[in-house]
Each structure stands twice: as structure tokens, then as C-alpha cells.
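Student: sequence unknown, structure follows:
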DNA sequence: TTTGTTTTGGGACGATCGTTCAGGTAGTTT
DNA sequence: AAACTACCTGAACGATCGTCCCAAAACAAA
């Protein structure tokens, strides 16, 4: 069995990846509402029919984008945990910093993620991909108290979604006491 | 100064309210993406031009819908707090019940609220209305520990948004320990 | 080279979109 | 009664939408 040596399929895969990346940029900038075959194609620099060829419908394109997005998130969290462990930290500082970054420089990306998340609430076929994010966290982070860990995950989500409607993003220092409280064992 | 006796304006206000209610039903059923002048008009049983007459643009209609939605939420929370106080409860049972209801029978409404919430993240003119929800809670609920209260609010949001991508909604009994943990003083 | 498969891309179809306009109706004021 | 204001609505505009069709190009297998 040959593994991906067909130059045609290789080109196709590359283009699919470019289209997905362009879709994510569109969502970051204009939201899911801004995603059309034409806007995505223009962003990716390909003809309009290219997106309809590689993705049988707009829903398929959004599904592929969500899956790609969830994979990116997982690897990011993985490296953050790695950083925290190498410092011997309990993680509060790293988490607060990550939240501040998600609400500041990467605000568009955070909005995109939650829009895709809500889309998964409406489209059942997106849910496995959306749940992967929580699953990855649950499997990667060591936790003794199941309830405390659920509270921690919920708190992170809540802080992010509430921070998105602030006029200016909160700093890591402002978030720190809340994160500390979330992580404090009892 | 006469207070609202002009029959014409009274009719206009009534229709505006009907259009807003129809918009909310559309969002509950099909999401913000399903909101067009035509779908809203059909849902409300009015001609298409009626929605463009009363709301100068689609954005204005969504803003009005979010404001109306936030007001509804505030009164609901008000009554829940009233119920809890009259029972002498600390509120855990009431909160868990409210969450289970929001994720079960009222799931569509909950999705609509978070979609409008995310819309406020993208459109600054919506943010005051979106923030009103948190402000109302903050002013209505007695809280000594500011940090603990922020964690509580974030936790509620996180539990709701995570519950939206479950295949079947969690029961009040399942949510109870998490809510207890959120409310437990330390 | 010939044959078959996959990708590319221009063009176009019907549907639906937001919004505008002008004429008509109902209610208020003078 | 006349003048004025606010609301109502059918028709239509240009723009944009998702999607389809088909021929050309690139590449692989024969």
C-alpha cells in the first residue's frame, strides 16, 4: 500500500489545507456569518469552484475547520502543560497568561472558537469534534477531584466568554486571583 | 405631556414587540444565521417591508432583540432569587434546577442567548445590553467574596455552554455536586 | 503513447438577500 | 373639513448567495 505519493492528491490535500486556513481567518475577522464559498475562495486565492470541489457543502467546510481548530487547541494546551511542568509550577500563572493572551492578541481566534463551539450545539455532526477539546484537557491534566476539575473547566470557559464582551481585555494580573481561586484545593 | 395615547404609535409599538418576539423564535429555532427580514416577517405574520420600516437595519433588529432578551433574563433571575429566599434556601437546588431547565426544555433559548452574547463580542454597540445580564446578577445577589462570586458566574456560563454540546442534557441531580462546589464557602 | 483519474477553473442558473420607493390607509391635530 | 403625521404594504432594484456543468490541464497507470 502506497502512502500518498500521488502528486495529484498531494496537491489536492495542500489546497484543502489552504482553504481551511483561509476559512479560519475569515471566521476570526468576520465570524461564521462571513463564510461563503466566494469569500473563502478569495481569501485563499483560489477560484470559487475550488471550494465546492474540495468540500461538498459549506457545512462540510465548517466541520473541517472546527476539527482543524480543535487539533490546534490540543497541541497548544499540550505545550502549555509542558512549560508549566518544566518550571515545577502548579499552573496558575500559565493559565492566567494564556487567558489574557486569548482575550487580547488572540481575541479573534477565541471568538472564532466559541462561534464554532456554538455551531456544534446546533449541528450534532460537529459535536464529537467540539468535545475533543474537553476530552483532551481531561486526559492530559492530572486531577484527583472530579468535581473540582469540572468546575475548573467551566470556570475557564466562563471567564473567556465573559472577557469577550469587555471593552478592553483583562490583564493576566487581573485574572490571576480568579484562576488561583479556581485551582485552590480544599 | 401625554403618555402614549396616540393610537398610531401604540399600534407601532405593538408590532415592534411582535417582530422582536418573532426574531427571538427564529434565533431559537435556526440561529442568528436564520434571521432575515423575510423569515422574521413570515414568522410574525407581517409583510416584509414592515420589519424594514420599524428597524432601520438588520443590526438594529438584533440589537433590539438582545435588549429584550436581557430584560427577560433579569426578571427570571429575579423571581428565582425570590423563590429561593422564601424557602430559606442557599440557592444550590434552585440554581441546579435552572441549569437543567436551560439545557433541557429551554435549550433553544439558551443557544439563542449565547449566540447573541457572542454577537455582542463582535459588535461593540451590543455590549452594554449584554453586560446588563451580569450587572443585574451582581447587583441582585448578595456576595461577600468578590473573587468567589466571579468564579460562580464564570462557572455557570461554562456549565451552560459545555452542556449545550452534550448529546443529551444533564439532569439537575448530575449538576448538583458541581453547583454545590461552586457555592461552597471557604 | 494511450487510457483513466484527479484537479482546476470559467461561466452561468435560479434563489434569496437587504433595502428602497411610491402610493395607500388610519389616526391626530387644527 | 382640511392638513398633518404615522403606519402599512406591494413591487421591484441590484447584489450576492450555493451550487451545478463542462471542458481543459495535470498526473498516474497501461
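Tutor: Happy to help now that I have it. Here the structure is a predicted model, which is why all the values come from computation and not from measurement.
Student: where does chain A have low pLDDT?
Tutor: Residues of chain A meeting the criterion pLDDT under 70: A:1-5, A:7-8, A:186.
Student: which residue is it, in it, that comes closest to DNA strand C?
Tutor: Nearest to DNA strand C in chain A, going by Cβ to the nearest atom of the strand, is residue A:12, at a distance of 2.8 Å. (C-beta placed from N, C-alpha, C; glycine too.)
Student: hang on, that residue packs against residue A:55?
Tutor: No: the criterion here is Cβ atoms under 8 Å, and residue A:12 misses it with residue A:55 at 11.5 Å.
Student: more crowded one of the two?
Tutor: Between residue A:12 and residue A:55, counting by other Cβ atoms under 10 Å in any protein chain shown, residue A:55 is the more crowded of the two (21 against 14).
Student: state the distance from that one to DNA strand D.
Tutor: 8 Å (Cβ to the nearest atom of the strand, to the nearest Å).
Student: remind me, longest helix of chain A?
Tutor: Assignment by DSSP state H gives helix A:58-87 as the longest helix of chain A.
Student: buried sites along it?
Tutor: Across helix A:58-87, burial judged by 16 or more other Cβ atoms under 10 Å in any protein chain shown covers A:58, A:61-70, A:73-74, A:77, A:80-81, A:84.
Student: what of stretch A:15-29?
Tutor: Using 16+ other Cβ under 10 Å as the burial criterion, the residues of stretch A:15-29 that qualify are A:15, A:16, A:18, A:19, A:20, A:22, A:23, A:24, A:25, A:26, A:27, A:28.
Student: outside of it, which residues touch it?
Tutor: Residues from elsewhere that reach stretch A:15-29 (Cβ atoms under 8 Å, 6 or more residues apart in numbering or on different chains): A:34-35, A:39-41, A:43-46, A:50-51, A:54-55, A:61-62, A:64-65, A:68-69, A:108-109, A:111-112, A:115-116.
Student: then stretch A:38-55?
Tutor: Stretch A:38-55 has contacts (Cβ under 8 Å, 6+ apart) with A:12, A:15-16, A:18-19, A:21-23, A:25-26, A:30, A:37, A:61, A:64.
Student: please flag which of the residues you listed sit within helices.
Tutor: A:12, A:15-16, A:18-19, A:21-23, A:25-26, A:30, A:37, A:61, A:64.
Student: and the closest residue to residue A:61 other than its chain neighbours, how close does it get to residue A:142?
Tutor: Leaving aside its sequence neighbours, residue A:61 sits nearest to residue A:55 (Cβ to Cβ, 6 or more residues apart in numbering or on different chains; 4.1 Å). To residue A:142, residue A:55 is 39 Å away according to Cβ to Cβ, to the nearest Å.
Student: now swap in residue A:31 and tell me
Tutor: 36 Å.
Student: who's more crowded, the two?
Tutor: residue A:31 (20 against 8).
Student: which residues touch that one?
Tutor: A:111, A:112, A:115, B:122 are the contacts of residue A:31 under Cβ under 8 Å, 6+ apart.
Student: try it again at 7 Å.
Tutor: If you count contacts by Cβ atoms under 7 Å, 6 or more residues apart in numbering or on different chains, residue A:31 has them with A:115, B:122.
Student: pop out the phi and psi values for it.
Tutor: Phi and psi for residue A:31, reported as degrees, to the nearest 10, are phi 90, psi 170.
Student: residue A:100: neighbouring residues, count only.
Tutor: Neighbour count of residue A:100, defined by other Cβ under 10 Å: 20.
Student: ok, residue A:125 next?
Tutor: Residues near residue A:125, counting by other Cβ under 10 Å: 10.
Student: without its sequence neighbours, what residue ends up closest to it?
Tutor: residue A:63 (6.5 Å).
Student: ok, the one you found touching residue A:124?
Tutor: No: Residue A:63 is beyond contact range of residue A:124, at 11.2 Å (criterion: Cβ atoms under 7 Å).
Student: just curious, which of the contacts of stretch A:38-55 is nearest to chain B?
Tutor: Nearest to chain B out of these is residue A:30 (Cβ to the nearest Cβ; 8.4 Å).
Student: in what element of secondary structure is the closest residue in space to the closest one that isn't next to it in sequence found?
Tutor: Nearest non-adjacent residue to residue A:30, counting by Cβ to Cβ, 6+ apart: residue A:39, 7.7 Å away. Using DSSP states H and E, residue A:39 falls within helix A:37-44.
Student: quick one: the helix or strand just after that helix near DNA strand C?
Tutor: Note on helix A:37-44: by DSSP H and E, the next helix or strand toward the C-terminus is helix A:48-54. Yes: Helix A:48-54 is in contact with DNA strand C by Cβ under 7 Å from any atom of the strand, via A:48, A:49, A:50, A:53, A:54.
Student: only whichever of those residues are buried, select them in PyMOL.
Tutor: To isolate the buried ones among the residues of helix A:48-54 next to DNA strand C in PyMOL, judged by 16+ other Cβ under 10 Å, type:
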select buried, chain A and resi 50+54
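Student: which positions in chain A make contact with DNA strand C?
Tutor: Proximity of chain A to DNA strand C (Cβ under 7 Å from any atom of the strand) is limited to residues A:8, A:9, A:11, A:12, A:15, A:46, A:47, A:48, A:49, A:50, A:53, A:54.
Student: how near is the last one to residue A:47?
Tutor: Just to be clear, that refers to residue A:54. 11 Å.
Student: then the second one?
Tutor: Between residue A:9 and residue A:47 the computed distance is 19 Å (Cβ to Cβ).
Student: buried stuff in stretch A:122-132?
Tutor: A:122, A:126, A:127, A:129, A:130, A:131, A:132.
Student: what sits up against stretch A:138-156?
Tutor: A:77-78, A:81, A:134, A:137, A:182-183, B:151, B:154-155, B:158-159, B:162, B:177-178, B:181-182.
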